[in-house]
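**Student:** pasting the sequence and the predicted coordinates here, then a few questions.
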Amino acid sequence: MMVHFLASIILCLFLVINHHVSCQRSKTVYQKIQQEPQFAEFNALVRSNRVARLNLHFEQLTVFVPENRAFRDLQGDLNSNLAFYHMSFDVYPLDSLGKKNSLSSVNLENPPLWITRVDEDVYVNNAKILQDKSNYVSRSRDGYMGKQQVLHMIDEVLDPVIPSPKYSPTAYDFLSTTVDWRLQASLSVSNFFTKVKENKLQHVYEQNIGHTFFVPLDSGMDPHKFRMMDKHIVLGHVIPSHVLFTRPTRKNFPYESLTNDDYAYIVLSFTEREGKLFVKGLARGSYGEGQFYSEVVVPNIPVKNGVVHLIAQPLGIVNRALRPFPYLPILEKLSTDPSLEVVYTMGERTGFNKIFSRKNVSFTYLVSRDSSWKKLEEGGLDPMEKDLDMLKRHLIISQTPYSVEQLYSLTKANNYTGIDLRTEAGPLRIMVVKIDQDYYLRWYTRYIKFLRADYECTDGIIHVLSSPLANFRKKDEISTVALRTDYKGYWETFKHAFFKILNVWN
């Protein structure tokens with residue numbers, strides 16, 4: 001009797017447990033996503049991706065499902081491959097997930113999913129896990145043939161930022177291929193990348209260790225900051241061995257950067273001011289000490305070896321000293337400098353000078369001295385093109401002006417094969433080389449000396465050259481029509497400028 005009684009109890013317990021487990025498995029993860037309104041937006045994403053649906057049907061998975069609001073807040077178009085970045089072939093309930101540093105997504109070409117635990121909260125990249133709606137454990141199919149799966153709900157969409165990676169990108173890949181990432185075209189970082197290569201620090205951005213990388217935009221790097229950016233400044237933009245996404249990172253908590261020696265020491269932290277997020281730095285060392293801020297423009301770009309934050313301007317560079325007088329707009333500088341009157345007068349006559357009224361841009365103007373034009377005139381040479389077209393070739397409009405050192409660094413970084421600059425006349429291919437202590441601009445087969453480089457103005461930079469970037473020919477080769485048009489305009493400009501200076505023109 002006792003044996004039968006125990007057998008009955010065991011059978012009842014088995015039936016209760018089996019019923020409980022069956023209830024727990026009443027819905028697979030895919031069924032739950034399909035049937036519950038709170039997952040509607042993610043369900044639409046999965047429906048557009050056949051491989052993602054197959055993963056949910058047959059694979060062992062951890063699935064991170066953003067709430068519907070998160071999709072509505074996401075800017076830009078949704079790519080169906082985004083579903084892959086919300087799945088991992090590993091299975092991690094909350095208690096074990098918080099002990100991980102990162103997970104691989106089902107698409108190994110994507111960046112990792114970085115895990116951060118803050119007290120009892122767990123974050124995936126910058127998204128917080130909603131624990132009361134998470135930890136749903138089930139199987140991919142009914143019965144013991146199904147693979148174990150777990151669903152966690154998060155409050156932000158996980159975005160790898162790069163649409164179709166061919167491999168899991170590092171921070172170095174980001175710097176070298178920003179055009180492949182889903183960023184605004186204006187968010188260029190080529191100046192900082194040039195300094196990384198110039199200081200031979202590529203390995204810092206390639207090594208497979210989780211770092212936090214702050215990358216300043218070109219728009220915030222003027223020639224002074226570019227010139228000041230040495231090895232210590234570049235390393236001061238990296239927090240080693242910490243992958244710091246903005247939400248889970250404690251604010252105003254200092255982290256040491258890679259600039260950490262007797263020569264220089266920089267610590268960084270996140271801080272909020274007037275509703276905006278900034279990176280705050282404290283620096284001390286042989287080049288001075290002080291405090292600085294830079295706004296975080298594009299945060300939380302995940303990469304294979306950490307996270308990248310795009311910032312408004314470089315860190316660790318003290319403000320430049322006040323510039324000596326005169327510090328003028330380009331047009332005013334041209335109009336008051338007697339050695340540049342030919343170019344100024346030519347711009348007035350053609351209407352080209354009106355371009356300098358543009359706002360929120362920077363100009364780099366390559367200008368030849370009046371003595372250069374005089375020498376060409378005395379040699380019986382005239383330009384082969386209209387004055388307006390010639391002036392357009394000499395003007396570069398960009399977010400920040402190009403110093404001569406910057407042009408030289410870009411040339412070196414491009415292995416002396418030439419760099420393409422966008423002028424008002426179209427692309428201009430040049431090289432800038434340094435011979436002894438002098439800089440030269442190579443245009444086609446000509447080497448043109450910088451007579452005076454980096455004359456800083458309020459709206460850009462003037463570089464004074466020994467010769468204009470133009471093709472010339474002997475006057476007797478010019479047609480009668482040309483003599484009545486281009487030649488006449490050039491001669492009138494030249495005559496007006498020089499005879500005015502010499503006070504011999506009646």
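**Tutor:** Structure received.

**Student:** can you pull out the low-pLDDT segments for the stretch 51-200 of the chain?
**Tutor:** Within the stretch 51-200 of the chain, the ranges that satisfy pLDDT under 70 run 143-144.

**Student:** can you show me the helices along it?
**Tutor:** Ranges of helices within the stretch 51-200 of the chain are 68-73, 94-97, 171-176, 190-198, based on DSSP state H, counting those that start in this stretch.

**Student:** which of the ones you listed sits most buried?
**Tutor:** Burial of the helices of the stretch 51-200 of the chain is given as mean neighbour count (mean count of other CB atoms under 10 Å); helix 171-176 ranks first at a mean of 22. No exception for glycine: its C-beta is placed from N, CA and C like everyone else's.

**Student:** ok, and what's touching it?
**Tutor:** The contact list for helix 171-176 (CB atoms under 8 Å, 6 or more residues apart in numbering) reads 167, 181, 189, 192-193, 196, 202, 205-206, 211, 213, 215, 301, 303-306, 308.

**Student:** quick check: PyMOL command selecting the buried ones in those residues.
**Tutor:** Selection of buried members from those for PyMOL, criterion 16 or more other CB atoms under 10 Å:
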select buried, resi 181+189+192+193+196+205+211+213+215+301+303+304+305+306+308
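
**Student:** which SSE is immediately downstream of the helix or strand residue 213 falls within?
**Tutor:** Assigned by DSSP states H and E, residue 213 belongs to strand 211-216. Note on strand 211-216: by DSSP H and E, the next helix or strand toward the C-terminus is helix 223-228.

**Student:** run through who's touching that next one.
**Tutor:** If you take CB under 8 Å, 6+ apart as the criterion, helix 223-228 is touched by 191, 195, 313-314, 317, 320, 400-403, 405-406, 409, 454, 456, 461.

**Student:** how many residues are close by residue 99?
**Tutor:** Close neighbours of residue 99, defined as other CB atoms under 10 Å, add up to 10.

**Student:** give the contact list for the residue nearest to it when sequence neighbours are not counted.
**Tutor:** Leaving aside its chain neighbours, residue 99 sits nearest to residue 117 (7.8 Å; criterion: CB to CB, 6 or more residues apart in numbering). For residue 117, the contact set (CB under 8 Å, 6+ apart) comprises 98-99, 123.

**Student:** re the thing from before, nearest to residue 419, out of the helices of the stretch 51-200 of the chain?
**Tutor:** Closest to residue 419 of the helices of the stretch 51-200 of the chain is helix 190-198 (CB to CB; 10.2 Å).

**Student:** the longest strand along the chain vs strand 211-216, what angle?
**Tutor:** Scanning the chain for the strand with the most residues, using DSSP state E, yields strand 290-303. Per axes from the mean of the first three to the mean of the last three CA atoms, to 10 degrees, the angle that strand 290-303 makes with strand 211-216 is 110 degrees.

**Student:** now do strand 290-303: distance to the chain's middle.
**Tutor:** Offset of strand 290-303 from its chain centre (CA atoms, centre = their mean, to the nearest Å): 11 Å.

**Student:** what do you get for stretch 364-383?
**Tutor:** Its chain's C-alpha centre and that of stretch 364-383 lie 40 Å apart, by CA atoms, centre = their mean.

**Student:** can you check stretch 47-65 too?
**Tutor:** For stretch 47-65, the distance to the chain centre is 32 Å (CA atoms, centre = their mean).

**Student:** likewise stretch 427-442?
**Tutor:** On the basis of CA atoms, centre = their mean, stretch 427-442 sits 27 Å off its chain's mean C-alpha point.

**Student:** got the end-to-end distance for that stretch?
**Tutor:** Stretch 427-442 has an end-to-end distance of 15 Å (criterion: CA to CA, to the nearest Å).

**Student:** now do stretch 182-199
**Tutor:** Start-to-end, stretch 182-199 (CA to CA) is 28 Å.

**Student:** can you list contacts of stretch 179-190?
**Tutor:** Outside of stretch 179-190, the residues within contact range by CB under 8 Å, 6+ apart are 76, 161-163, 174-175, 178, 215-219, 297-298, 301, 310, 399, 410.

**Student:** filter those down to the buried ones.
**Tutor:** Looks like these have 161-162, 174-175, 178, 215-219, 297-298, 301, 310, 410 buried, using 16+ other CB under 10 Å.

**Student:** looking at these, which one is closest to residue 330?
**Tutor:** In terms of CB to CB, no member of the buried ones among the contacts of stretch 179-190 lies closer to residue 330 than residue 219, at 18.9 Å.

**Student:** do you know how far residue 202 is from residue 170?
**Tutor:** Distance check for residue 202 against residue 170: by CB to CB, to the nearest Å, it reads 10 Å.

**Student:** then residue 294?
**Tutor:** 23 Å.

**Student:** ok, now residue 155?
**Tutor:** Distance from residue 155 to residue 170, counting by CB to CB: 28 Å.

**Student:** neighbour count: these two, which is higher?
**Tutor:** Higher neighbour count among residue 155 and residue 170: residue 170, with 20 against 17, using other CB under 10 Å.

**Student:** look up how far residue 81 lies from that one.
**Tutor:** Taken as CB to CB, the span from residue 170 to residue 81 is 20 Å.

**Student:** name all residues that make contact with residue 284.
**Tutor:** 264-265.

**Student:** where does it sit: helix, strand or coil?
**Tutor:** Here residue 284 is recorded as strand under DSSP: H, G, I helix; E, B strand; the rest coil.

**Student:** from residue 271, how far out is it?
**Tutor:** Going from residue 284 to residue 271 by CB to CB gives 19 Å.

**Student:** now do residue 127
**Tutor:** For residue 127, the distance to residue 271 - CB to CB - is 22 Å.

**Student:** equivalent analysis for residue 363, please.
**Tutor:** Remark: distance between residue 363 and residue 271 (CB to CB) = 35 Å.

**Student:** of these two, who's got more company?
**Tutor:** residue 363 (22 against 14).

**Student:** wait, is residue 454 part of a strand?
**Tutor:** Yes. Counting by three-state DSSP, residue 454 falls inside a strand.
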